[in-house]
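> build me a model from this:
(one chain, ligands or ions: 1)
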Amino acid sequence: MELSYQEKLTLIKLKDLKKVKFEDLVKETNLDQVAVMRAILWLQSKGLARLHERQKKIVRITELGRKYGQIGLPEKRALKLLVERGKITLDDLKDVLSEDELRPIIGILRKEGWANIKKEEGALVLEATDKAKEALSKERPIDVVLKLLVEKGEVEARNIERIIPLKDVKSRKIGEEDIKSEREVEITEEGLKLVEMGLELKKEVSILTPELIKSGEWRNVEFKRFNIQAPVKRVYPGKKQPYRAFLDKIRRKLIEMGFIEMSAESLIETQFWNFDALFQPQNHPARDWTDTYQLKYPKHGYLPSEELVERVKASHEYGWTTGSRGWGYKWDPRTAMLLMPRAHATALSARQLGKGVQIPGKYFAIQRVFRPDVLDRTHLIEFNQVDGFVVGEDLTFKHLLGILKRFAVEIAGAKKVKFLPDYYPFTEPSVQMSAYHEELGWVEFGGAGIFREEMTKPLGIDAPVIAWGIGIDRLAMFKLGIDDIRYLFSYDLKWLREAKLVW
Ligand SMILES: N[C@@H](Cc1ccccc1)C(=O)O
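Now for the predicted structure:
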């Protein structure tokens, strides 16, 4: 059994003392109270010692008791004067008694049989009896108790009651009652055995110093074990904002998976890249699948190369060479030039496709996007999307579902994922993903699909492109274990300090 230095010392002392008051044990060990108590509790939990706690009634001397200890009880003082003079008046007693003490004195003296009380010329006169003379050298029970209290300060009530009833002590106001707990420590059989087998009491050290090494003293000491489970003060070192850390880790994970990051220079986008390049018709209800903000100033931005714009226009108006009939309306470049805060990160995928991509290739972007909405615990008006696409000759819809599921489970830690058919103007087929959150139930966290040819072909891509856009904030909720999306941007220091660092 492993025992600390303190425990060993306490146990060794207990072996001789067997059963001892806690205070005495403290004295014996020469350790401080707290250390001894801790050692006893440990020894007790190991079955080596027992701690008994007993409540006992005590009587403690009062101020008045101490005073009487010095000058004597009032009746004793009166007695002395009475015996000295043989006969006294009540007035004479004023020399030795206070006002308060004077009042009950006649009753007491009479009760004790120390004085005969007479009336002489209209005044009360006290005459000493024979008993009074003897009483001077005798101790009454109350005198014994007073002496005991003076001597000890506090006496167990039991011991007083053997001499006089407690109520007498209280009515004379020389002592007051109190409850005190007494602790006794006892060694157990097992404890005894252990000590008898021999305990090596080595000095215990918690730090190995150069001195210990040089002197060789380290050989004679015992190294205190660290209790790594002991509660300690929490420290909050500086660290990344939890949500930032989460996003950074996603970026890293995607890069590790071989994705190439698409970066954006600005949060502002032309409608061309946000909508037109994605085959979303102008002035068509399809544009409303998401509400968007508009820039007041500047209102317009630039379009890409004329050639590309021409192809997009043709795709919208009649389907260009894709075999589609297009939307059948007149496409307006001025509308496409309107500026807006980017409404989805898919705009970056369109830009990337327009710039050219490796085939096969995998791309992603983590992008802040903006959409008017009513703020609540699952909706923000600006949020982050992780968009991406994979381009390759033989990609199918199944590949897409596989990738998405992996994202939801691995990146977000969602336990269950569900896919539902959906509609996006730029994908066919389209799918919507939901993941299960303990508190929120099913939470929709993104859309995906295969980009339509009417979109990819004008951008110069012939191979199939599977694409997705994930509302990463909602996934962060899963990971960070929060049920209100607004907390991602909270200033709540407690949360910032204690949020788990996820991965
Ligand atoms: N951009 C869509 C998601 C999406 C991306 C790519 C393909 C299909 C859907 C959105 O914001 O919800």
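> so where do the strands sit in the stretch 401-503 of the chain?
417-424, 427-437, 441-451, 465-471 (DSSP state E, counting those that start in this stretch).
> deepest-packed of those, please.
When you average the neighbours per residue for each of those (mean count of other Cβ atoms under 10 Å), strand 465-471 leads with a mean of 25. Where you see a C-beta, it was placed from the backbone N, CA and C, and this is true even at glycine.
> which strands or helices does it pack on?
Contact here means 3 or more Cβ pairs under 8 Å, 6 or more residues apart in numbering; DSSP states H and E; on that basis strand 465-471 packs against helix 346-355, strand 382-391, helix 397-406, strand 427-437, strand 441-451.
> how far off helix 346-355 does that strand point, in degrees?
150 degrees (axes from the mean of the first three to the mean of the last three Cα atoms, to 10 degrees).
> let me know the average pLDDT across strand 465-471.
Averaging pLDDT along strand 465-471 yields 93.
> what residues does it touch?
Defining contact as Cβ atoms under 8 Å, 6 or more residues apart in numbering, one finds that strand 465-471 is touched by 344-346, 349, 353, 383-391, 395-397, 399-400, 403-404, 407, 427, 433, 444-451, 456.
> quick check: angle from that strand to helix 397-406?
Between the axes of strand 465-471 and helix 397-406, defined by the same axes, to 10 degrees, the angle is 30 degrees.
> for strand 465-471, what is the distance to the chain centroid?
39 Å (Cα atoms, centre = their mean, to the nearest Å).
> check whether that strand contacts the ligand.
Yes. For strand 465-471 and the ligand, the contact criterion (Cβ under 6 Å from any ligand atom) is met by 467-469.
> need the three-state assignment for Val36.
Put simply, Val36 is helix when judged by DSSP: H, G, I helix; E, B strand; the rest coil.
> what do you get for the one 4 residues further on?
Following three-state DSSP, Ile40 is assigned to helix.
> so for it, what's the pLDDT?
pLDDT, Ile40: 93.
> next one: Phe223
So, for Phe223, pLDDT stands at 85.
> quick one: contacts for the residue nearest to it when sequence neighbours are not counted?
Excluding its sequence neighbours, the residue lying closest to Phe223 (Cβ to Cβ, 6 or more residues apart in numbering) is Val205, at 6.3 Å. Neighbour list for Val205: 212, 221-224 [criterion: Cβ under 8 Å, 6+ apart].
> out of these, who's nearest the ligand?
If you rank those by distance to the ligand using Cβ to the nearest ligand atom, Lys224 comes first, at 59.9 Å.
> isn't that closest one right up against Lys203?
No. Taking contacts as Cβ atoms under 8 Å, Lys224 lies outside contact range of Lys203: 10.3 Å.
> so for these two, which residue has more residues nearby?
For the pair Lys224 and Lys203, the greater number of neighbours falls to Lys224 (13 against 9), based on other Cβ atoms under 10 Å.
> so which residues on the stretch 351-500 of the chain come close to the ligand?
387, 424, 427, 446-449, 467-469.
> if we can go back for a sec, any quick ChimeraX command for the buried ones out of the contacts of Val205?
Buried residues within these, by 16 or more other Cβ atoms under 10 Å, are selected in ChimeraX with:
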select :212
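> restrict the contacts of Val205 to contacts with the ligand.
Among the contacts of Val205, no residue lies close to the ligand (Cβ under 6 Å from any ligand atom).
> quick one: which of the contacts of Val205 sit in helices?
Those of the contacts of Val205 mapping onto helices are Leu212, per DSSP state H.
> which of the contacts of Val205 fall within strands?
If you go by DSSP state E, those have 221-223 in strands.
> re the thing from before, looking at the strands of the stretch 401-503 of the chain, spot the one closest to Ile359.
For Ile359, the closest of the strands of the stretch 401-503 of the chain is strand 465-471, at 9.5 Å, according to Cβ to Cβ.
> how far off strand 427-437 does that closest one point, in degrees?
Using the same axes, to 10 degrees: strand 465-471 against strand 427-437 is 30 degrees.
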